[in-house]
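> with the input below, show me the fold.
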Amino acid sequence: METLIFKGIDNIEEAGRIIADGGLVAFPTETVYGLGASAYDSGAAKKIYAAKGRPSDNPLIVHIDEPSRIYELADEITPDAQKIINAFMPGAVTVIVKKNAKISGDVTAGLDTVAVRCPSNEIARALIKASGVPIAAPSANISGKPSPTTARHVMDDMTGKIDAIIDGGACEVGVESTIVDTTGEVCTVLRPGGVTLEMLREVVPDIRYDKNITRAIGENEKPKCPGMKYKHYSPNADVYVIEGGEKEVQAEINRRISENKGKNIGVLFMYGAVYDGAVMLGAGGGGKEYAHNLFAALREFDRLNIDVVFAEFREADGWAQAVKNRLYKAAAYKVIHV
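Reported below is the predicted structural model:
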């Protein structure tokens, strides 16, 4: 398959026709690049799973171009869901609501709920409008690999597998949207992201984190949103998270570098020490910077053929849970507290 490369909004009508005709288009959002297909087309949804190598019980997020279009997809919008919609859409938040019959069961992995978000990225919203349908879209990467935050990342994974890629530059946030389940008695954050728990509590004070934020769900459990069950965000390198105070973290990483002589070592740093014998990439000093840089850094370590990555980490601010959620999964929960 030839994959067309579009620049920005120049070919947005053509990209919209590809979606409407059952094709696949990768497009930028403010969070990460998405791999889109019509949310009303069961066959197109199946193409997403095939292109990514994604398990079919992992539901997709449906993207809309205006917050009000959620009423076309939902059977019920609770008062708390409405507060979140009013406060954070368009933006980096996804709400899970009871779905209606319009949405394909292949999009929702057979669940009676649907995850919906309205991105703030202008190219994403223009594509949805041009296609004339809501767009189902997971991240535009091979399943299990770090999510793409540039068009080059998408090209590396998806060229020859999908119809088109829209190059919209680097993503602003760098990690996926916050997912909030609004269908229970209490709103629950299933995946932290670009809207923090502190921000959400300003409009829904009793909202809480799901217990699975920093652990994988069981093999027989059905995931209610993307990223809860399967291996995610993992580079080819073996990743270890070294978590704690500055001096203790640096001493532990130096010790582990000495134990891994003969291997290509990478360090994702936030404290700023220089590690001899390691390729160093900066994560940034705070959680928001770390979130922005994380996936690009993991992909760069792969490009440089790094064997082992040691990632410095501390809970610096309200973004810490979003970073921790991705970083722990990238490391397959190999976390060393010092």
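
> so where do the strands sit in the stretch 151-300 of the chain?
For the stretch 151-300 of the chain, strands defined by DSSP state E, counting those that start in this stretch occupy the ranges 164-167, 178-181, 188-191, 208-209, 238-243, 265-269, 278-282.

> so can I have CSV of those strands showing mean neighbour count, mean pLDDT and distance to Arg201?
C-beta: built from backbone N, CA, C; applies to glycine. Output for these, formatted as CSV (neighbours: other CB atoms under 10 Å; pLDDT from 0 to 100; distance: least, CB to CB, whole Å):
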stretch, mean neighbour count, mean pLDDT, distance to Arg201
strand 164-167, 23, 98, 35
strand 178-181, 26, 97, 11
strand 188-191, 22, 96, 10
strand 208-209, 14, 94, 9
strand 238-243, 21, 97, 25
strand 265-269, 25, 98, 30
strand 278-282, 17, 97, 31
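
> any stretches of the stretch 201-338 of the chain with poor pLDDT?
Low-confidence segments of the stretch 201-338 of the chain (pLDDT under 70): 214-231.

> ranges for the helices of it?
Along the stretch 201-338 of the chain, counting by DSSP state H, counting those that start in this stretch, helices occupy 246-259, 287-303, 320-330.

> mean neighbour count and distance to Ala45 for those - can I get that in CSV?
CSV is the format used below for those (neighbours: other CB atoms under 10 Å; distance: least, CB to CB, whole Å):
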stretch, mean neighbour count, distance to Ala45
helix 246-259, 16, 43
helix 287-303, 22, 24
helix 320-330, 24, 24
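
> returning to what we had before: out of the strands of the stretch 151-300 of the chain, which comes closest to Ser104?
strand 178-181 (19.4 Å; CB to CB).

> looking at the helices of the stretch 201-338 of the chain, which is nearest to Val180?
Short answer: helix 320-330, nearest of the helices of the stretch 201-338 of the chain by CB to CB, at 13.2 Å.

> so for this structure, the centremost residue is which one?
Glu176 (3.0 Å; CA atoms, centre = their mean).

> quick one: Asn100 from Asp206, how far?
According to CB to CB, to the nearest Å, Asn100 stands 27 Å off from Asp206.

> quick one, which of the two is more surrounded?
Set Asn100 next to Asp206 and count neighbours by other CB atoms under 10 Å: Asn100 wins out with 14 against 9.

> check what pLDDT the more buried one gets.
pLDDT, Asn100: 91.

> and the closest residue to it other than its chain neighbours, how far is that from Ile12?
Excluding the flanking residues, the one nearest Asn100 by CB to CB, 6 or more residues apart in numbering is Asp75, at 4.8 Å. With distances taken as CB to CB, Asp75 is found 31 Å from Ile12.

> go on, Ala170?
19 Å.

> of those two, who's got more company?
Ile12 (20 against 14).

> quick one: contacts for that one?
Contact partners of Ile12, counting by CB atoms under 8 Å, 6 or more residues apart in numbering, are Phe6, Ile123, Ala126, Leu127, Ala130, Ile166.

> the helix or strand containing Gly16: what's the following helix or strand?
Using DSSP states H and E, Gly16 maps to helix 12-20. Following helix 12-20 in sequence order, the next helix or strand is strand 25-27 (DSSP H and E).

> what helices or strands is that following strand leaning on?
Secondary-structure packing of strand 25-27 (3 or more CB pairs under 8 Å, 6 or more residues apart in numbering; DSSP states H and E): helix 12-20, strand 34-38, helix 122-131, helix 151-158, strand 164-167.

> tell me which of those sits most buried.
strand 34-38 (a mean of 30; mean count of other CB atoms under 10 Å).

> mind giving me the packing neighbours of that one?
Against strand 34-38 (3+ CB pairs under 8 Å, 6+ apart) you get helix 12-20, strand 25-27, helix 42-52, helix 122-131, strand 135-136.

> okay if I get the ones you listed as a markdown table plus distance to Ile61 and mean pLDDT?
Below are those laid out as a markdown table (distance: least, CB to CB, whole Å; pLDDT from 0 to 100):
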| stretch | distance to Ile61 | mean pLDDT |
| --- | --- | --- |
| helix 12-20 | 15 | 98 |
| strand 25-27 | 13 | 98 |
| helix 42-52 | 11 | 94 |
| helix 122-131 | 12 | 98 |
| strand 135-136 | 7 | 98 |
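
> nearest to Val93, out of these?
helix 122-131 (14.2 Å).
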